[in-house]
Structure formats: C-alpha cells, structure tokens
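Trainee: Sequence isn't available, so here's the structure alone:
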C-alpha cells in the first residue's frame, strides 16, 4: 500500500471519490462547482519512477499522467488534499508533500513572513489570481495574439483528441448548462452586427460588385491545382487544404495556367 492506513487517508479518498462521482472532466466540474477548478494527481507525480516533473525518481510503477490518476477538484479541496497527504506518508516523501503544501501557502509571501492561511482564504486568493490572470493575458497581452499554431502542433493536438470518449454522465451535465450563456450570447439576435439595418444589403452589394453573386456561399471557384469546380468560399478553403496536403496529387504546388 502506498499510503499509511489511517483516518487521513480515509478522508483523502472520500474527497477523491466525491469529486470523481461529481464529474470526470474539468468542464463538467466547472458546471457543478463554479468557474475555478484545478487538476490534482491522486497519487503524486514525485512518487512515480517515470515522473514527468524534474526531481528524483520515486518508487511507484506506472504513468503519473494516466487519466485515471487525475481528479478535478475545487481550490479549497486541493489545499485540504495536500495537507492530508502530509499525514499519509513517512520518510522523504512526507518532506516532498510538506514542501508542496508550503509552496501552495507561502510562495507568494514576502521573505520571512508566515501568515496563517485557512483553506477558505486560500480559495479566495487563488480565485483572484486566476481571474485577474485571465484578464491580464487576454487581447493583445495573450501569447497567441495574432499568431496561429503550426501545422505540426495542430496535428499533435488532433492526435491527442482522437479516441477521446465523452462519458454519458458528462453529456448529461452539459445538457444542464444554461443555453443562454457563454461569451458570444450577447452577440446573438438583435445584438448581432449582421442584423443591424443596412448591413446585409451592404454586404450583398460588395459581393455583387466583386464576384457577381449575393453571398459567400454562392461564389463559384475553380481549384488552381486540380481544376475542380464548385461554389462557396468555405468549401474552397477546405478543398484547397485537402488538395495541397494530398501526397497522391501529382499537381501539388503547380498551378494550372
């Protein structure tokens, strides 16, 4: 057994079981518990031989990043779990757990200052940091502002999503999400720019002058690589991507004159 069989271990796994029964994804946990949810390793990363973070190897076999070793919990639960972990293990691992808890509590405090922080105060502080951080990294301050992921990165992201199974419990939680919510809700209906007087007519006039049709879905196209014909700017973009990426196409990179 990895942990000592005591009351702290029982309390720890009670929190874990409650969180697992509540939701198995971050999105599902947010629906139930609120905006700020944190991912927690049930068995700490430093316990594993093949640990992912820097530091000495542990003694537990397996992958610390296995989805079965993750649970999505509130900030307060996260702090309590790390406090319980200091009571569930002996030796050097106990020092590692105490060090992790110490960083959670005091890493943002001035040197030498040790203020008593309760779990509720910790939750309030962390929520402020998370929410203000989102604002500070939005818009022009975002590291991805006016940037796009490379083709290699997009392919890697696609591979990680393939085979992903959404549990029925998560689907049910998503159904309970209010329909009239989300960042784009305010842009619907009368607030949508396309529904303002004269906007549709102006757009139709622009397309008539440029393409001879009234909208983007009616624009005729002919692929400059394979000669295929069709309608719509959207379908054209999709076709060009497939046409250029198709290794069997002998005309790749050679435009038809």
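Mentor: Arrived safely. Nothing here was measured: the structure is a model prediction, and the numbers come from that model. Residues are numbered from 1 along each chain as shown.
Trainee: Strands of the protein, start to end?
Mentor: 38-41, 70-73, 220-222, 229-231 (DSSP state E).
Trainee: Minimum distance to residue 64: which of those strands has it?
Mentor: strand 38-41 (6.1 Å; Cβ to Cβ). Any C-beta I mention is one placed from the backbone N, CA and C, and that applies to glycine too.
Trainee: buried set for that closest one?
Mentor: 38, 40-41 (16 or more other Cβ atoms under 10 Å).
Trainee: And for stretch 202-214?
Mentor: Within stretch 202-214, judged by 16+ other Cβ under 10 Å, the buried ones are 207, 214.
Trainee: what's it in contact with?
Mentor: Residues from elsewhere that reach stretch 202-214, judged by Cβ atoms under 8 Å, 6 or more residues apart in numbering: 194, 215-216, 218-220.
Trainee: Which members of the residues you listed are classed as buried?
Mentor: residue 219.
Trainee: With respect to residue 176, which of the contacts of stretch 202-214 is nearest?
Mentor: Out of the contacts of stretch 202-214, the member with the shortest distance to residue 176 (by Cβ to Cβ) is residue 194, at 30.3 Å.
Trainee: any idea what sits nearest the closest one, other than its immediate chain neighbours?
Mentor: residue 200 (6.3 Å; Cβ to Cβ, 6 or more residues apart in numbering).
Trainee: now that neighbour: how far from residue 210?
Mentor: Separation of residue 200 from residue 210 (Cβ to Cβ, to the nearest Å) stands at 16 Å.
Trainee: nearest to residue 144, of the buried residues of strand 38-41?
Mentor: Nearest member of the buried residues of strand 38-41 to residue 144, counting by Cβ to Cβ, is residue 38, at 22.4 Å.
Trainee: Could you tell me how far that closest one is located from residue 85?
Mentor: 15 Å.
Trainee: residues contacting residue 76?
Mentor: Neighbouring residues of residue 76 by Cβ under 8 Å, 6+ apart: 119-120, 122-123.
Trainee: Going by neighbour count, which of those residues comes out on top?
Mentor: Within the contacts of residue 76, neighbour counts (other Cβ atoms under 10 Å) peak at residue 123, which reaches 19 neighbours.
Trainee: Just the pLDDT for residue 3.
Mentor: Turning to residue 3, the model gives it a pLDDT of 92.
Trainee: What is the neighbour count of the residue lying closest to it once chain neighbours are set aside?
Mentor: Using Cβ to Cβ, 6+ apart and skipping the chain neighbours, the partner closest in space to residue 3 is residue 88 (4.2 Å). For residue 88, the count of nearby residues is 22 (other Cβ under 10 Å).
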